[in-house]
Structure formats: C-alpha cells, structure tokens
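Here's my sequence, what's the structure:
(one chain, ligands or ions: 2)
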Amino acid sequence: MKRFFKPALSVLLLLGLIGCGGGQAGEKVHTVRIGVSLYRQEDTFISLMANYMQEAAKELEQEKNIKIILTFSDAQSSQNKQNDHVSAFLEKNYDAVMVNLVDRTAAAALIDKAKAADVPMIFFNREPVEEDLSRWSKVCYIGADAAESGQLQGSLLVDLWQQNPQQLDRNGDGKVQYVMLEGDAGHQDSLIRTEAVIKTLTDAGIKTDKLATGIANWMRVQASTKMALWIEKYGDQIEAVIANNDDMALGALDALETAGTRTLPVVVGIDGTPVGLAAVADRRMLGTVYNDAEGQARAAVRVTCAMIEGESVESLHMDGNYLRLPYIRITRDNVRQYQTET
Ligand code: BGC
Ligand code: CA
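Ligands and ions are numbered 1, 2, ... in the order given. Just a heads-up that it's a prediction; the model follows:
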C-alpha cells in the first residue's frame, strides 16, 4: 500500500502521471477549466464533436491525474453572442478557450482579447484566416483539409462513372446533371468542398451540367426545402445530388421520399455521422467522406491541455500551429467499420 501511495518518480513518469500539472500522490488534484464556445450546438457534427470532447477530457483526466472542467456555450449562430461568451470565459479566468467560430473573419478581436489575458485560444472546425492565426503564439487551429474531402467525394462519383456509367448518366447524354447543396457561405468547408468535388470530376474527364446550387447552411430541413423545389422544376433530370455534408444529403433524400421519386438520383455527402453512415449502409447514399469528429475532438482537448501547461505539443504532430486530421472515403464496402456497435 505504501508503495502505491508513494510511487517512485520513474514510475510516475512511466505512467504519464506527470505533466499537464499532474498531481503527485498526496497533492491536491490539479484542475483546469476550459471554456468551449460552439457556433451552433444543434449542428449534428458539432454536437458529435462536443460529446467526443467530453470523452477525451475524461480519458485525459485518468491519464494525467488531473481534473478537467469543460464548460460549453452555444452562440446560436450569432457572432455577438460568441464574443460575449468568450469575454465571459476570460473574465472568469478560464485556463483556455476553445472556439468554433461563427464568422471565420471575426477571429482577430478574440485573439487579441485572449492575448491580453494570456489565455491560450484553440480554434476548431471553422478555420480563421492564416493572418489572424499568426497574431500570437498561443493560438492554433485543429481541423481537417477541406479540399481533401471534396476530392474524396468526387472520387466516389468518378468510380461509379467508370464502373457503371448508366447509373449516373441516366439520360445517356455523356454528362452528369447535378444539384449542389452548400453549407454556409463563409465556411472554408463549403467553398472548398464545392470547388474540389467538381474539379475532381472534370479532371477525370467527366462532363458536368449544374442544374441548381443553393445554400442550406448545413441543415437537413433547409436542404429538404431547396430539394423539393428542384424536384418540382427538374424532376428526374437530376442524376446526382452533391451535398457539402451528410445532413443536407439526408434532407435531399427526405424531399425525394416525400415526392415519391421512384428511382433515386445518386446522393453523396460528407461527415460520416451515424445517420449518414446508416444511409450509406442501406444504399440510399452512394457514399460519404468520414470527417473524424472523434480524432479532431481528442486532438483539440490534448493540444489545449498541453498549451495550458506550457508543454511541448510535438508528440501531437502539429504543423506549426495547425493540426489537420485525414478524411476517409466511405462506401458500402467499409461502412460497417465506422458504424458503432450501438
Ligand atoms: C461539417 C458540417 C458542419 C460544419 C459546421 C463541417 O466540417 O462537415 O457537417 O455542419 O462543419 O461548422
Ligand atoms: Ca446525363
């Protein structure tokens, strides 16, 4: 028992109990408080990330023998609200603030406030412009490479075109008639995914014909409303539905089901949320691209904790003050691997 309470320093090091303020035996357990400002808690992908952040914090508490308090606030798509929430975290002396920006161009003011309070600020999912991120050393961004997701999404369609062209080009005119559902206008993932997916088709020699494109702000209901109008206007001319995320792809499917469309167009999404994966498994979606909510959440919590304690983030494989996790292509061949057992 005695040895259990007073482990040798080497044992503590071995167990990773030192670092991030690791409490040594007998010491009061060290607490870190992290404020997390979400752009919109209702967003399917963001709520997934928030859950994974809680899990990651628990995991790290065990590993480092510390207490981590994550306090979430929901900006409900209002940059003013987010500014107030971040100010409140700083006034209450939180040890770090994680920010999922409402407006990507609003980072500078937040970074300046964090710098004045000397509190690390970790952005995730909605990427500040590079110039803002270089304002101070204790800021960073955790996310993924938007172009990669667009390319992988495009490759799903390219493969189908090469293997089974008549499934995509139903009217046989040698072109893909598509509609595009986009996320919010200012988001790096909307702009870049939209461009990259079409470029991937074009680079593969596939001709495209854009019937319609519309912003549905990542939301299932908005996408379904847009899609219902397009079904009325274009009917079965629509051969493919390309959505910047799974929720909007599912919204399109909702509209197709309501309209009673018998032969569904080819639908592709991005994210691999549980509902998105289910739609791939039951063949309503051709495929999706896995956006690693769990990996990004875990990395964000770990980097935050390391920054609070002034530890090196080297083992976390950052590239300067950026960390981007890879996307993964999901089709019905590998979808089961990504669906949780529940
Ligand atoms: C996800 C979307 C999500 C958005 C929120 C994107 O990376 O793919 O599903 O709505 O982030 O910022
Ligand atoms: Ca066609």
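
residues in contact with whichever residue of the stretch 51-200 of the chain sits closest to ligand 1?
At 4.4 Å from ligand 1, residue 189 is the closest residue in the stretch 51-200 of the chain, using CB to the nearest ligand atom. In this view, the C-beta of every residue, glycine as well, is placed from N, C-alpha and C. Applying CB atoms under 8 Å, 6 or more residues apart in numbering, we find residue 189 in contact with 146, 149, 183, 244, 245, 270.

let's see it at 6 Å
Contact partners of residue 189, counting by CB atoms under 6 Å, 6 or more residues apart in numbering, are 146, 183.

now residue 54
Applying CB under 6 Å, 6+ apart, one finds that residue 54 lies in contact with no residue.

if we can go back for a sec, mind checking which helix or strand the residue of the stretch 51-200 of the chain closest to ligand 1 is in?
Residue 189 belongs to helix 188-203 when assigned by DSSP states H and E.

what is the rounded mean pLDDT of that helix?
For helix 188-203, the per-residue pLDDT values average out at 97.

Pull the distance from that helix to the chain's centre.
Counting by CA atoms, centre = their mean, to the nearest Å, helix 188-203 is centred 17 Å from the centre of its parent chain.

Quick check: buried residues in that helix?
Under the neighbour-count criterion of 16 or more other CB atoms under 10 Å, helix 188-203 has 188, 189, 190, 191, 192, 193, 194, 196, 197, 198, 200, 201 buried.

Near ligand 1, which residues of the stretch 101-250 of the chain are found?
Where proximity means CB under 6 Å from any ligand atom, the interface of the stretch 101-250 of the chain facing ligand 1 comprises 125, 126, 183, 187, 189, 218, 245.

could you measure the residue in the stretch 201-342 of the chain that ligand 2 sits nearest to against residue 174, distance?
Distance from ligand 2 to each residue of the stretch 201-342 of the chain (CB to the ion) is smallest for residue 239, at 5.2 Å. Here the criterion is CB to CB, to the nearest Å. By it, residue 239 lies 12 Å from residue 174.

Please compare these two by neighbour count and tell me which comes out ahead.
A side-by-side neighbour count of residue 239 and residue 174, using other CB atoms under 10 Å, places residue 239 first with 23 against 10.
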